[in-house]
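Q: when you get a sec, could you give me coordinates for this:
(2 chains, ligands or ions: 2)
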Amino acid sequence: MHAATTHLNTPGQAASAGGDAGARRRPRPMTSLRKITSVELKLVLREPLTLVFSFAFPVVLLFVMGEVFGQSTGDPGEVVFRDFGAMDYYVPGYLALVAVAFAMISLPTHLAAYRERGVLRRLHASGVRGRQILASQTLVGVALTTVGAVLVTVLGMLVYDVRGPAAPLSVILIYLLSTLCFMALGCLLGALIPRARAAQGIGLILFFVMMFVSGTAPPVEVMSGVMLDIGKALPLYHAATALQDAWNGLGVNWTEVGILAGITMGALALTARLFRWD
Amino acid sequence: MQPARNGGTVINVEGLRKTYGRLAAVDGIDFSVRRGEIFGLLGPNGAGKTTAVECIQGLRPFDAGSVDVVGLDPRTQADELRQRIGCQLQQSALPDNIRVWEALDMFASLYGSPVDWRRLIDQWGLAEKRTARFHSLSGGQKQRLFVALALVNDPEVVFLDEMTTGLDPAARRVAWSLVEELREQGTTVVLVTHFMDEAERLCDRIAVVEGGHIVANDTPMGLVSSSGGGIRAVFGCDPAADLAFLTAVPGVGEVRRGGRRVEVAGDGPHVALVAHDLAPEDFRVQQPSLEDAFLRLTGHGMEE
Ligand SMILES: Nc1ncnc2c1ncn2[C@@H]1O[C@H](COP(=O)(O)OP(=O)(O)OP(=O)(O)O)[C@@H](O)[C@H]1O
Ligand SMILES: [Mg+2]
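A: Ligands and ions are numbered 1, 2, ... in the order given. Alright, predicted model coming up:
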């Protein structure tokens, strides 16, 4: 082999389309990422089912809970909804729930379908990095679910008299951290599960389990000890709690923030190890 | 050895081996490709062609051997390699809803020195489809889009794995002349195919792959003359006729009969003698083709 390699770097002719290596510029990863993300964003906007699920679902949920509870605080002497108004309790949790829906169902299904169909192979062959794929999915997820979150907030404030967030900046930062955490978990699922059908099934189950044990459906006070234990093992409980706290003037709950950050890091590290192109 | 156009070796493969469990899909192959040539890998289904090129492209890990592409090792320098080669994969896809122009635009953004993809759209006959979504393209249009994507970085070496599968005859011919144009520009092409006419028309050299091995590596003409067998005379004749005398004709190798059809194989001059003695009306002479060489080399057909 080495006899031949001495010729290998012979520059091509001046007219050679291949050109010599020296004339090639380096790729610009940020430019690529921006382009991939903008294409992915367009693609998701062409996916009516994903859109309906991301936007209509939280609105429906808000409507149901709002009609049932209004701003009720439960019976006198009984603490429920953490002593906030019911909708002051639910709306911050829904901000996280919107992100969970996208991150657990749409994102892993999308990634697994890309793998199954050979889209990932095609991107890989052109030098796309795994982290560019994951970053673009995360960015699209954050963009989409933020629209859903704003929708829920505005409707909640207009229709159900939800009070504005006590510490808007903290709410935004905790919201972003939570969303990042869910997207990282969604990427992990997408890395782990080879087939789109399986990803969809597993994602749906995870979503409903999280929704019911995290205080985002039945309030924390009515959940059994086992339910709470399961809830605390899953990230939505921590995101909802931290968001409720910041929203209702209890400040930044650093314990929950730390847990969310830890889960995010763990998910990212695992995803980096487990990600497969085919 | 014929002189290489631009000199130098761009791909060198030695002892490449790739196993899937107990199956050795690629079982120790060696070849090199010179700058500016069109090098063909020809072989039956499952021969290991795709596996071999994917190892060479740095898309698959392999078990043994050394590979060098434009001076880079696909095992350790895959990222740099991808900037300099183009790959049309046998199996891959794009998102259903991506538009043709968006795909080209996005793939162009992945490279430091992309070409103008608008030109590729025209060259590969996709102008009418530039805003069409991927899922709405026909098989041949998808295929042409993939070839265009493989060229968007102006690669030094382009790997085309079954480029013309699904193309209609006219589109195949256009594709062939575009590949010849690539060669004119100095791009090296590795062409995986099982179309004989394509290999014969385009390839400067062909490696015939069978069961994970390279069983022959030569120019198309070289393969035909070394492995194509002799000229054959074919004609119709009463099945009862006694043709034993043919074997006495100098140069006649083998006489095969099936119903009225008689096939006489051998070296050049026997043909005239056969024709002279029988004067059949439907007498035809068949030159050996690349297909004959291929069938002999891979042991398929011929000995029905
Ligand atoms: N991922 C894989 N896992 C297990 N076996 C594989 C895998 N990919 C290929 N093979 C096997 O390796 C052998 C070579 O396959 P390969 O795709 O390289 O053949 P090929 O020459 O490209 O065939 P074709 O002309 O049909 O494209 C086949 O027997 C195939 O079944
Ligand atoms: Mg193949």
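Q: so B:G86 lies in a strand, does it not?
A: Yes - per DSSP: H, G, I helix; E, B strand; the rest coil, B:G86 lies within a strand segment.
Q: would you confirm that it contacts B:V152?
A: Yes - here B:G86 lies in contact with B:V152, judged by C-beta atoms under 8 Å, at a distance of 7.5 Å. Quick note: C-beta positions are derived from backbone N, CA and C, even for glycine.
Q: of the two, which one has the most company?
A: B:G86 (27 against 23; other C-beta atoms under 10 Å in any protein chain shown).
Q: who are the contact partners of the more buried one?
A: Residues near B:G86 by C-beta atoms under 8 Å, 6 or more residues apart in numbering or on different chains: B:149-153, B:155, B:157-159.
Q: and what of A:G156?
A: Counting by C-beta under 8 Å, 6+ apart, A:G156 touches A:62, A:66, A:87, A:90-91, A:94, A:162.
Q: quick check on it: phi, psi?
A: Per-residue torsions, A:G156: phi -60, psi -40 (degrees, to the nearest 10).
Q: before we move on, what about B:V215?
A: phi -100, psi -10.
Q: out of the contacts of B:G86, which is nearest to ligand 2?
A: Set against ligand 2, the nearest of the contacts of B:G86 by C-beta to the ion is B:F159 (11.4 Å).
Q: which secondary structure element contains that closest one?
A: Secondary structure assignment for B:F159, by DSSP states H and E: strand B:157-161.
Q: list the buried residues of that strand.
A: Applying a neighbour-count criterion of 16 or more other C-beta atoms under 10 Å in any protein chain shown, one finds B:157-161 buried in strand B:157-161.
Q: hang on, the earlier thing: ligand 1 next: which of the contacts of A:G156 are close?
A: Applying C-beta under 6 Å from any ligand atom, the subset of the contacts of A:G156 adjacent to ligand 1 is empty.
Q: show me what contacts the residue nearest to the spatial centre of chain A?
A: When C-alpha atoms, centre = their mean is applied to chain A, the residue found nearest the centroid is A:M183 (3.0 Å). By C-beta under 8 Å, 6+ apart, the contact set of A:M183 is A:99, A:103, A:107, A:137-138, A:141-142.
Q: out of these, which are inside helices?
A: Among the contacts of A:M183, the members found in helices (DSSP state H) are A:99, A:107, A:137-138, A:141-142.
Q: from those residues, keep the buried residues only.
A: Listed as buried from those are A:99, A:107, A:137-138, A:141-142; burial here means 16+ other C-beta under 10 Å.
Q: pull the most distant pair out of the residues you listed.
A: Farthest-apart pair in those is A:A99 and A:Q137; separation 12.9 Å (C-beta to C-beta).
Q: ok, now how distant is whatever residue of the stretch 1-150 of chain A ends up closest to ligand 1 from chain B?
A: Closest to ligand 1 within the stretch 1-150 of chain A is A:R121: 11.4 Å, counting by C-beta to the nearest ligand atom. Going from A:R121 to chain B by C-beta to the nearest C-beta, to the nearest Å gives 5 Å.
Q: follow-up on the earlier one: could you work out the most separated pair of the contacts of B:G86?
A: The widest separation within those (C-beta to C-beta) is 15.3 Å, between B:L149 and B:V157.
Q: any low-confidence regions in the chain?
A: Picking chain A for this. Along chain A, the model assigns pLDDT under 70 to residues A:1-22, A:73-74.
Q: actually, chain B is the one I wanted.
A: Looking at chain B by pLDDT under 70, you get B:1-7, B:268-279, B:300-304.
Q: all helices for it, in order.
A: B:49-56, B:78-84, B:100-108, B:117-123, B:139-150, B:169-184, B:196-202, B:220-227, B:270-278, B:290-298.
Q: can you list contacts of the second one?
A: When contacts are taken as C-beta under 8 Å, 6+ apart, the neighbours of helix B:78-84 outside the stretch itself are A:18, A:21, A:24, A:26-27, A:125-127, B:57-58, B:69-70, B:72, B:74, B:111-112, B:153, B:155-157.
Q: change it to 6 Å
A: With C-beta atoms under 6 Å, 6 or more residues apart in numbering or on different chains as the test, helix B:78-84 has contacts from A:127, B:58, B:69-70, B:72, B:74, B:156.
Q: repeat for the last one
A: Under the contact criterion C-beta under 6 Å, 6+ apart, helix B:290-298 has outside partners B:44, B:196, B:200, B:208, B:210, B:215-216, B:220, B:223-224, B:227-229, B:301-302.
Q: one more pass at 7 Å, please.
A: With C-beta atoms under 7 Å, 6 or more residues apart in numbering or on different chains as the test, helix B:290-298 has contacts from B:42-44, B:196, B:199-200, B:208, B:210, B:215-216, B:220, B:223-224, B:227-229, B:301-302.
Q: those residues, buried ones only, as a ChimeraX selection?
A: Restricted to buried positions by 16+ other C-beta under 10 Å, the ChimeraX selection for the contacts of helix B:290-298 reads:
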select /B:42,43,44,196,199,200,208,210,215,216,220,223,224,227,228,229
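Q: gap between stretch A:40-47 and the chain center?
A: Its chain's C-alpha centre and that of stretch A:40-47 lie 16 Å apart, by C-alpha atoms, centre = their mean, to the nearest Å.
Q: could you dump it to PDB, C-alpha only?
A: Taking C-alpha atoms only, stretch A:40-47 is exported to PDB below (Å, rounded to 0.1, in the frame of the first residue of the first chain):
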ATOM      1  CA  GLU A  40     -36.400  20.800   9.600                       C
ATOM      2  CA  LEU A  41     -38.600  23.600  10.800                       C
ATOM      3  CA  LYS A  42     -40.200  23.900   7.400                       C
ATOM      4  CA  LEU A  43     -40.700  20.100   7.400                       C
ATOM      5  CA  VAL A  44     -42.500  20.100  10.700                       C
ATOM      6  CA  LEU A  45     -44.700  22.900   9.500                       C
ATOM      7  CA  ARG A  46     -45.700  20.700   6.600                       C
ATOM      8  CA  GLU A  47     -46.700  18.000   9.100                       C
END
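Q: give the buried residues for it.
A: Going by neighbour count (16+ other C-beta under 10 Å), the buried part of stretch A:40-47 is A:40, A:43-44, A:47.
Q: what's the closest of these to A:A240?
A: Closest approach to A:A240 among those (C-beta to C-beta): A:V44, at 24.9 Å.
Q: packing partners of the helix or strand where A:E116 lies?
A: Using DSSP H and E, A:E116 maps to helix A:107-117. Here helix A:107-117 touches helix A:130-159, helix A:168-192, helix A:196-213, going by 3 or more C-beta pairs under 7 Å, 6 or more residues apart in numbering or on different chains; DSSP states H and E.
Q: make it 6 Å
A: helix A:168-192, helix A:196-213 (3 or more C-beta pairs under 6 Å, 6 or more residues apart in numbering or on different chains; DSSP states H and E).
Q: show me how chain B divides into domains.
A: Structurally, chain B divides into domains by automatic domain parsing as follows: B:9-226, B:231-287.
Q: most packed of these?
A: Of all these, domain B:9-226 carries the top mean neighbour count, a mean of 20, counting by mean count of other C-beta atoms under 10 Å in any protein chain shown.
Q: between the two ends of that one, how far is it?
A: 25 Å (C-alpha to C-alpha, to the nearest Å).
Q: what of stretch A:37-57?
A: 24 Å.
Q: so that stretch, near chain B or not?
A: Yes - using C-beta under 6 Å from any C-beta of the partner chain, stretch A:37-57 reaches chain B at A:39, A:43, A:46.
Q: mind checking the SS state of the second one?
A: At A:L43 the chain is in helix, as set by three-state DSSP.
Q: I'd say it and B:P95 touch.
A: Yes - counting by C-beta atoms under 6 Å, B:P95 is a contact partner of A:L43 at 5.4 Å.
Q: brilliant, that's me finished.
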